[in-house]
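1. My questions concern the predicted model and sequence given below.
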Amino acid sequence: MSMIAAFYNGKSILITGATGFMGKVLMEKLFRTSPDLKVIYILVRPKAGQTTQQRVFQILNSKLFEKVKEVCPNVHEKIRAVYADLNQNDFAISKEDMQELLSCTNVVFHCAATVRFDDHLRHAVQLNVTATQQLLLMASQMPKLEAFIHISTAFSNCNLTHIDEVIYPCPVEPKQIIDSMEWLDDAIIDEITPKLIGDRPNTYTYTKALGEMVVHQESGNMNIAIIRPSIVGATWQEPFPGWVDNLNGPSGLIIAAGKGFLRSIRATPMAVADLIPVDTVVNLTLAVGWYTAVHRPKSTLIYHCTSGNLNPCNWGKMGFQVLATFEKVPLERAFRRPNADFTTNTITSQYWNAVSHRAPAIIYDFYLRLTGRKPRMTKVMNRLLRNVSMLEYFVNRSWEWSTYNTEMLMSELSPEDQRVFNFDVRQLNWLEYIENYVLGVKKYLLKEDMAGIPEAKQHLKRLRNIHYLFNTALFLIAWRLLIARSQMARNVWFFIVSFCYKFLSYFRASSTLKV
Ligand SMILES: CCCCCCCCCCCCCCCCCCCCCCCC(=O)SCCNC(=O)CCNC(=O)[C@H](O)C(C)(C)COP(=O)(O)OP(=O)(O)OC[C@H]1O[C@@H](n2cnc3c(N)ncnc32)[C@H](O)[C@@H]1OP(=O)(O)O
Ligand SMILES: NC(=O)C1=CN([C@@H]2O[C@H](COP(=O)(O)OP(=O)(O)OC[C@H]3O[C@@H](n4cnc5c(N)ncnc54)[C@H](OP(=O)(O)O)[C@@H]3O)[C@@H](O)[C@H]2O)C=CC1
């Protein structure tokens, strides 16, 4: 039997961020491989008009959990949703709930975070730094705690190009940042944010780095480990390929490209696309939880969960395969036909933004106005281009992450554990993975029916004809304007027309002779 699966049986596990992309896959795997675990406590807040219980009910009844229900039919009884808001003092957890969490928890997985790149520094610090500090304080009062696993990001030190599995200190201590957020007003925070984040691109990567420092400083004598995944993508294998349920990372761009909104991007085709499937991250996380609790390494170990150094893929190859999949399985009701131009030049990129993105949006809005509808495409396009510009930093650079600890852990696992908790990214076939990813985006994220594929293909054919018609009309208008103004253009035009006429006359005469 798997030693890792056996370890979690009978355990009480606390997960933050369980309603998020990674948290859901983590819960699913835990229930499926260790159905005899005692309980999973999840810290949940009400959201979008749903109570905490309704949110849990929805997750357990989703397609992701179909297999779990077969192996663990009483999964509803083993999950305890604890009302909590990580933005508040003591997380707004009731006294009774807090008592139970402190006295029973064996393992903590801290996944909650704000992953928005454009979050205000105050909010990003609150969630990614202060909440981590508070959770560590809670953990230090848990007598039965065996391991605390903190999920960070491989990009927390993206200001460096070679990154080792160590903590890199930030110039200003996290404690000072936390304190200053309490008394500085928003305007001053806005002013100092660029200075604080320095050569990092956003508040997300900066606060995740501060979060790591907090973990390092507050670890006390707890068994702690940090996982640093790179860009987390759809599932590779488990519970089934291609599952994804949010727009983060490449998923949103895949949709924007498939729907024909985004046709060009400032990206370096040869730069390494360090994507990592979410089930791979979860397998490593569970293996690390086991190793940290059982082997109790002397210091806090950091594990890079990346693909670039073991099985690299680049953005060019990825974009090509995404487009190839759209040929076979197009998205429904596309705005334009999918295309992917990668350019590294800022001026070329601006040109394509004007011609390929903004102009079609303006023309479409004009058409909406003419037909008595409210124009909206320009607004959508501006927002998309703003969001894409935030991702550009990550698609124009390559990083090298060392993976000694991750490889060491792999070698420590039994063959059975290596199979059940596979995080060996060398076995990943990129072309197959990307195809499944695109299919997953269509099925699970957009909830499009596969039966609609013929109609989607027809729609793309119509778009192609409109494209040809539009270009021909544009050419003729431009040409007409040109020959009205230039004698030379007129001469060229008469030369071409007379040449064509002579050629056709010759062709007709020679074919009549043959008869
Ligand atoms: C030429 C074409 C190219 C394409 C070819 C095909 C693609 C092939 C791939 C090659 C292309 C390159 C891919 C690049 C990917 C690079 C990613 C790099 C990231 C690595 C960094 C580090 C990794 C991490 O550690 S962090 C995890 C990743 N985090 C993110 O990705 C966060 C990014 N997102 C944000 O920062 C924000 O969400 C933002 C700024 C993008 C959007 O903000 P905005 O204010 O515009 O929107 P909202 O008001 O927040 O929301 C609007 C609307 O959308 C809903 N929504 C928002 N986010 C999500 C979500 N994640 N899931 C589901 N729904 C979401 C939101 O609820 C709103 O809905 P309403 O109904 O309007 O309320
Ligand atoms: N996705 C990626 O590409 C990568 C992610 N990571 C890291 O992995 C971890 C998980 O990321 P991912 O699952 O993608 O992120 P998601 O945005 O999908 O999930 C974030 C989770 O945090 C919870 N959360 C946020 N704010 C609060 C709050 N105030 N109180 C309670 N819960 C809150 C969310 O709850 P709610 O549903 O209520 O909003 C949600 O469950 C994060 O630490 C992230 O930094 C690292 C590398 C890449």
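-> On my side now, so go ahead. Numbering: from 1, shown residues only. Ligands and ions are numbered 1, 2, ... in the order given.
2. Skipping its backbone neighbours, what lies nearest Cys111 in space?
-> Gly17 (3.3 Å; Cβ to Cβ, 6 or more residues apart in numbering). Using the backbone N, CA and C atoms, a C-beta is placed for each residue, glycine as well.
3. What of Lys78?
-> When the adjacent residues along the chain are set aside, Lys78 lies closest to Val39, with 5.5 Å between them (Cβ to Cβ, 6+ apart).
4. And the one you found, how close does it get to Ser62?
-> Using Cβ to Cβ, to the nearest Å, Val39 is found at 20 Å from Ser62.
5. residues contacting Thr343?
-> Ser264, Ile265, Arg266, Ala267, Ser349, Trp352 (Cβ atoms under 8 Å, 6 or more residues apart in numbering).
6. Among those residues, which one is most surrounded by other residues?
-> Within these, most neighbours by other Cβ atoms under 10 Å means Ala267, with 26 neighbours.
7. Quick check: residues of the chain near ligand 1?
-> Residues of the chain lying close to ligand 1 by Cβ under 6 Å from any ligand atom are 115-118, 153, 155, 231, 246-250, 253-254, 257, 262-265, 267, 315, 318-319, 322, 340-341, 383, 387, 390-391, 394-395.
8. Could you give the backbone dihedrals for Arg337?
-> Backbone dihedrals for Arg337, given as degrees, to the nearest 10, come out at phi -70, psi 140.
9. Let me know the pLDDT of it.
-> We have a pLDDT of 95 for Arg337.
10. Quick check: which ranges of the stretch 301-450 of the chain have low pLDDT?
-> Counting by pLDDT under 70, the stretch 301-450 of the chain shows no low-confidence range.
11. ok now stretch 266-277, how far from the chain's centre?
-> Offset of stretch 266-277 from its chain centre (Cα atoms, centre = their mean, to the nearest Å): 13 Å.
12. where exactly do the helices run in the stretch 101-250 of the chain?
-> In the stretch 101-250 of the chain, the helices defined using DSSP state H, counting those that start in this stretch lie at 121-125, 131-139, 174-183, 186-197, 203-217, 250-258.
13. pLDDT averaged over the first one - what is it?
-> When pLDDT is averaged along helix 121-125, the result is 98.
14. Please apply the same query to the fifth one.
-> Along helix 203-217, the predicted local confidence has a mean pLDDT of 98.
15. what angle sits between it and helix 131-139?
-> Using axes from the mean of the first three to the mean of the last three Cα atoms, to 10 degrees, the direction of helix 203-217 lies 30 degrees away from that of helix 131-139.
16. which residues of the chain fall in strands?
-> Counting by DSSP state E, the chain has strands at residues 12-16, 39-44, 79-83, 107-110, 147-151, 162-163, 224-229, 231-233, 264-266, 275-277, 301-305, 341-343, 400-401.
17. and the third one, what does it pack onto?
-> Based on contacts counted as 3 or more Cβ pairs under 8 Å, 6 or more residues apart in numbering; DSSP states H and E, the elements that strand 79-83 packs against are strand 39-44, helix 52-60, helix 95-104.
18. do that strand and ligand 2 meet at all?
-> No. Strand 79-83 lies out of reach of ligand 2 by Cβ under 6 Å from any ligand atom, never closer than 9.8 Å.
19. Show me what that strand is in contact with.
-> By Cβ under 8 Å, 6+ apart, the residues outside strand 79-83 that reach it are 27, 39-46, 52-53, 55-56, 60, 92-94, 97, 101.
20. picking that back up, wait, the residue nearest to Cys111 sits on Thr114?
-> No. Between Gly17 and Thr114 there is no contact under Cβ atoms under 8 Å: 10.2 Å.
21. Point me to the residue of the stretch 301-450 of the chain nearest ligand 2.
-> For the stretch 301-450 of the chain and ligand 2, the shortest gap (Cβ to the nearest ligand atom) falls at Cys305, measuring 8.3 Å.
22. residues touching that residue, list them.
-> Neighbour list for Cys305: Ala154, Ile227, Arg228, Pro229, Ser230, Ile276, Thr280, Val281, Leu284, Thr406, Phe423 [criterion: Cβ under 8 Å, 6+ apart].
23. returning to that earlier point: measure how buried the residue nearest to Cys111 is and give me the count.
-> Gly17 - counted by other Cβ under 10 Å - has 22 other residues nearby.
24. Got phi/psi on the closest residue to ligand 2 within the chain?
-> Here the chain gets closest to ligand 2 at one residue, Gly20, 2.1 Å apart by Cβ to the nearest ligand atom. Gly20 adopts backbone torsions of phi -90, psi 180, taken as degrees, to the nearest 10.
25. Could you find the closest non-adjacent residue to it?
-> Nearest to Gly20 is Cys111, by Cβ to Cβ, 6+ apart, at 6.1 Å.
26. From Thr130, how far off is His150?
-> Counting by Cβ to Cβ, the gap from His150 to Thr130 is 14 Å.
27. on that earlier part again, in a markdown table, list the helices of the stretch 101-250 of the chain along with mean neighbour count.
-> Below are the helices of the stretch 101-250 of the chain laid out as a markdown table (neighbours: other Cβ atoms under 10 Å):
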| stretch | mean neighbour count |
| --- | --- |
| helix 121-125 | 22 |
| helix 131-139 | 21 |
| helix 174-183 | 15 |
| helix 186-197 | 13 |
| helix 203-217 | 24 |
| helix 250-258 | 23 |
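28. So which other helices or strands are in contact with the helix ranked longest in the chain?
-> Longest helix in the chain by number of residues (criterion: DSSP state H): helix 453-485. The contact analysis (3+ Cβ pairs under 8 Å, 6+ apart) places helix 453-485 against helix 487-514.
29. buried ones in the helix it packs on?
-> When neighbours are counted by 16 or more other Cβ atoms under 10 Å, no buried residue of helix 487-514 is found.
30. so it versus helix 453-485, what angle?
-> Here the directions of helix 487-514 and helix 453-485 differ by 120 degrees (the same axes, to 10 degrees).
31. mean confidence for helix 487-514?
-> 84.
32. With neighbour numbers in mind, choose between Val39 and Ser62.
-> Val39 (17 against 14).
33. Which residues of the protein lie near ligand 2?
-> Residues of the chain lying near ligand 2 by Cβ under 6 Å from any ligand atom: 17-23, 43, 45, 47, 84-87, 111-115, 127, 151, 153, 208, 229, 231-232, 246, 248-249.
34. Weed out the non-buried ones from these.
-> Taking 16+ other Cβ under 10 Å as the criterion, what is buried in these is 17-23, 43, 45, 84, 86, 111-115, 127, 151, 153, 208, 229, 231-232, 248-249.
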